[in-house]
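Asks: predicted model follows, preceded by the sequence.
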Amino acid sequence: MNPHLTERLFAAFPALFRGRQLPVTENLMGFGFDCGDGWYALIEQLATAISAHAAATGLNPLAVQVKQTFGTLRFDVDAADAHIQALCAAAEQRSSQICEQCGAPGALRYYRRRLLVCCDRHAPPGSWIAAQRPDAD
């Protein structure tokens, strides 16, 4: 994610992302968000929901790492209850349908032995939708 959007999230949710100042042996948020700009809105919505739940329950969750794994969003958080874990799982599921580059509707695709979520515009040539098999030549 670009530095401007990263800083916007850090500023909007300082308690959740407070670990960014910790050593990398304790927290990986110092590296920022290891995903494309297209998931900014999804991450912002998730951070809003986690922060609201934390305020209502007295929890103090700490984001440890936010990245793309196997094509979808992975939001790792410490001090999370079952509700926060469910919020993260739902966001991961939603990310499988949002282009990581631009935020448009997308699909999980295979490309060069990798999984990625992208719209048709950002799909690399030669990639194919994971739910479909490529035509045999």
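Replies: Cool, the structure landed.
Asks: can you tell me how far the residue nearest to the spatial centre of the chain is from Ala52?
Replies: Among the residues of the chain, the one closest to the centroid is Leu73, at 3.4 Å (Cα atoms, centre = their mean). Using Cβ to Cβ, to the nearest Å, Leu73 is found at 19 Å from Ala52. C-betas here are computed from N, CA, C, even on glycine.
Asks: swap in Leu28?
Replies: Leu28 is 24 Å from Ala52, by Cβ to Cβ.
Asks: stretch 30-40: end-to-end distance?
Replies: 17 Å (Cα to Cα, to the nearest Å).
Asks: so what's the gap between it and the chain middle?
Replies: Centroid displacement of stretch 30-40 relative to its chain, using Cα atoms, centre = their mean, to the nearest Å, is 7 Å.
Asks: give me the pLDDT for the closest residue to Arg20 other than its chain neighbours.
Replies: Residue nearest to Arg20 in three dimensions, not counting chain neighbours: Met29, with 4.0 Å by Cβ to Cβ, 6 or more residues apart in numbering. On pLDDT, Met29 comes in at 94.
Asks: for the helix or strand of the chain with the lowest mean pLDDT, packing partners?
Replies: Ranking every helix and strand in the chain by mean pLDDT, DSSP states H and E puts strand 128-129 at the bottom, with a mean of 90. Judged by 3 or more Cβ pairs under 8 Å, 6 or more residues apart in numbering; DSSP states H and E, the packing partners of strand 128-129 are strand 107-111.
Asks: for the closest residue to Phe13 other than its chain neighbours, list the residues it contacts.
Replies: Spatial nearest neighbour of Phe13, excluding adjacent residues (Cβ to Cβ, 6+ apart): Ala47 at 4.6 Å. Listed by Cβ atoms under 8 Å, 6 or more residues apart in numbering, the contact set of Ala47 reads Leu9, Ala12, Phe13, Leu16, Phe17, Ala63.
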